[in-house]
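Undergrad: here's my sequence, what's the structure:
(4 chains)
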There are 2 protein chains.
Amino acid sequence: MTLELKPVQALALWQDVVLETVRREGPDLSSRQFAILLTVYLTSPPHTVRGLAGALNVSKPAITRALDALGQLDLLKRKRDEADRRNVLVQRTVKGSVFLRDFADLVTSVAGRLEA
Amino acid sequence: MTLELKPVQALALWQDVVLETVRREGPDLSSRQFAILLTVYLTSPPHTVRGLAGALNVSKPAITRALDALGQLDLLKRKRDEADRRNVLVQRTVKGSVFLRDFADLVTSVAGRLEA
DNA sequence: CTAGACTGATCCGGGGCCGAAACGGATCTG
DNA sequence: CAGATCCGTTTCGGCCCCGGATCAGTCTAG
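TA: Residues are numbered from 1 along each chain as shown, chains lettered A, B, ... in the order given. Prediction:
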């Protein structure tokens, strides 16, 4: 079974969620930063700078900066790969898990209020 | 009837959509700009700078700048209110309609591929 | 051991966005 | 009228992000 979602519902869902995140004065992530966050939490490790750059079709410095910002917010952390010290492994944090769980709840709640 | 969406599905949906929009090298809108765009197209007119600023809980100059950017992209246009020439009415454009319809199709298509 | 490949970080000039404050035009009010 | 008020825009100093080029550290093949 797949999830049915009409175009008008999709836009309404997006609007409510984006509006809510804009209104709340929480950490305001760019779409790239958010994409990185979601990718790290939803796809299987390991996650490297180069890998993320390729996955998002973005330059390496952009990933480095995004990791700086996300690390500052404690939503993600870096760890040297001891097996190959050239690599940096991007890992989850407790705060990041909580942040994404809250976000998921927001989306489901908005979806629940949507007329189907 | 309401729309059922589990937290894990919500995150997966969001990741796929955000990842796709980041990868595509289309106009890369900030969340505020996108929120403005959605608000103008989904809620009933008239839309003024002050009204949008209040709705998004954001300063007026931020709205002005966002309208500059969205106008440059031809996704939205400004029009003087002839009844009260202090006001600026924000209006839709053909290109904006197409842009949002495409986006809605992207979301529905991703949702359709989601395991329910 | 060394030359080369590969990693992530940094440098750099350029550009966008930020909010507070000030501005000019339009409108209302006394 | 003149002053107060409302509107959107502009100015200002500051901060963050952009990507190409380059860097230092690490690994590997010969």
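
Undergrad: am I right that residue A:78 sits in a strand?
TA: Yes. Using DSSP: H, G, I helix; E, B strand; the rest coil, the assignment for residue A:78 is a strand.

Undergrad: do the host helix or strand of residue A:62 and DNA strand C meet?
TA: According to DSSP states H and E, residue A:62 maps onto helix A:60-72. Yes. Judged by CB under 7 Å from any atom of the strand, helix A:60-72 comes into contact with DNA strand C at A:60-61, A:63-65, A:67. From N, CA and C alone the C-beta is placed, and that goes for glycine too.

Undergrad: just the buried residues of that helix, please?
TA: A:62-63, A:66-67, A:69-70 (16 or more other CB atoms under 10 Å in any protein chain shown).

Undergrad: helices or strands up against it?
TA: Packing partners of helix A:60-72 (3 or more CB pairs under 8 Å, 6 or more residues apart in numbering or on different chains; DSSP states H and E): helix A:31-42, helix A:49-56, strand A:76-80.

Undergrad: cutoff 6 Å now
TA: Other helices and strands packing on helix A:60-72, by 3 or more CB pairs under 6 Å, 6 or more residues apart in numbering or on different chains; DSSP states H and E, are helix A:31-42, helix A:49-56.

Undergrad: relative to helix A:60-72, how tilted is the longest one?
TA: Angle between the axes of helix A:31-42 and helix A:60-72 is 70 degrees (criterion: axes from the mean of the first three to the mean of the last three CA atoms, to 10 degrees).

Undergrad: okay, buried residues for helix A:31-42 please.
TA: In terms of neighbour count (16+ other CB under 10 Å), helix A:31-42 has its buried residues at A:31-41.

Undergrad: understood, closing this out.
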